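Peer 1: could you work out the structure for the sequence below:
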Amino acid sequence: MTRLNLNMWGLPGTPEEVRKTFKYLLYIWILYVVLGIFFAPAESLDESNEDVVVNPIYSLYSAFVMVFTLVVLYRTRKAIREKYNIPNNTCCGVTNDCCAPFWCGCCAISQMARHTVDYEVNSAMLCSDTGVRTPSPVMIV
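Peer 2: Numbering: from 1, shown residues only. I've put the predicted structure just below:
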């Protein structure tokens, strides 16, 4: 998203918003994990068939993270497709920008990463502004 100058919502952003994109997404994920540790329902190890109580805070935040992730992935795929003039294919009358993240988010993220940099020329780097060592030309597969 940073390579495409998108903010945390997957929309074009100001340089200040774009610079904070990764940090905000990381905070959302850390909060999700922490809430999961404290509020996620625990499975009973015995077979007592007791009802598991689900905390509404965890359920609401889980739903928010799921919808937020789908919206951001949809917008990011759409931005890549529009920027590089990639045709808009449909599946069952719905754009692939929506279907791919819904059915296989990991595959969609991997595809977007390969479209925005050639990893054979420029290796990935965790702690950098764009996720790669140096700026490189975009590769469209």
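
Peer 1: and for the residue nearest to K20 when sequence neighbours are not counted, the neighbour number?
Peer 2: Once flanking residues are discounted, K20 sits nearest to M8: 7.2 Å by C-beta to C-beta, 6 or more residues apart in numbering. In short, each C-beta sits where N, CA and C put it, glycine included. Number of residues near M8 (other C-beta atoms under 10 Å) recorded here: 19.

Peer 1: the strands in the protein, which residues?
Peer 2: Along the chain, the segments classed as strands by DSSP state E run 90-91, 94-95.

Peer 1: re the thing from before, tell me who's in contact with the residue nearest to K20.
Peer 2: Taking C-beta atoms under 8 Å, 6 or more residues apart in numbering, we find M8 in contact with 1, 17, 20-21, 24-25, 72.

Peer 1: so who does L4 touch?
Peer 2: Shown in contact with L4 (C-beta under 8 Å, 6+ apart): 76, 79-80, 83, 116.

Peer 1: fine by me, we can end here.
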